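Chemist: Any chance you could fold what I've pasted below:
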Amino acid sequence: MSTHEYTIGIFYSEEDEGYIAVVPELPGCSAFGETEEEALREIKTAIELWIEAAKKEGRRCQSL
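Modeler: Coordinates of the predicted model:
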């Protein structure tokens with residue numbers, strides 16, 4: 001698990017009929033859940049995958 005700290009925003013989407021989680025520091029990193037808790041679990045996985053892919057591609061983010 002990453003030791004970096006990121007801001008996670010979670011909001012309800014009427015259009016998607018569920019919760020969207022986003023990480024402003026990681027462009028394009030988002031996740032969906034039917035509940036806030038599910039969206040939070042999913043975004044934690046998405047963060048790890050985003051960081052892994054960014055390292056492989058040589059991309060940088062604020063906390064890498």
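Chemist: and the helix or strand harbouring Glu48, what does it pack onto?
Modeler: Assessed by DSSP states H and E, Glu48 sits inside helix 36-57. Here helix 36-57 touches strand 9-13, strand 18-22, strand 30-33, going by 3 or more Cβ pairs under 8 Å, 6 or more residues apart in numbering; DSSP states H and E. Backbone N, C-alpha and C define where each C-beta goes, glycine included.
Chemist: quick check: angle from the worst-scoring helix or strand of the chain on mean pLDDT to strand 9-13?
Modeler: Every helix and strand of the chain was ranked by mean pLDDT, DSSP states H and E. The lowest is helix 36-57, at a mean of 96. Interaxial angle of helix 36-57 relative to strand 9-13 (axes from the mean of the first three to the mean of the last three Cα atoms, to 10 degrees): 120 degrees.
Chemist: could you check the angle strand 18-22 makes with helix 36-57?
Modeler: 40 degrees.
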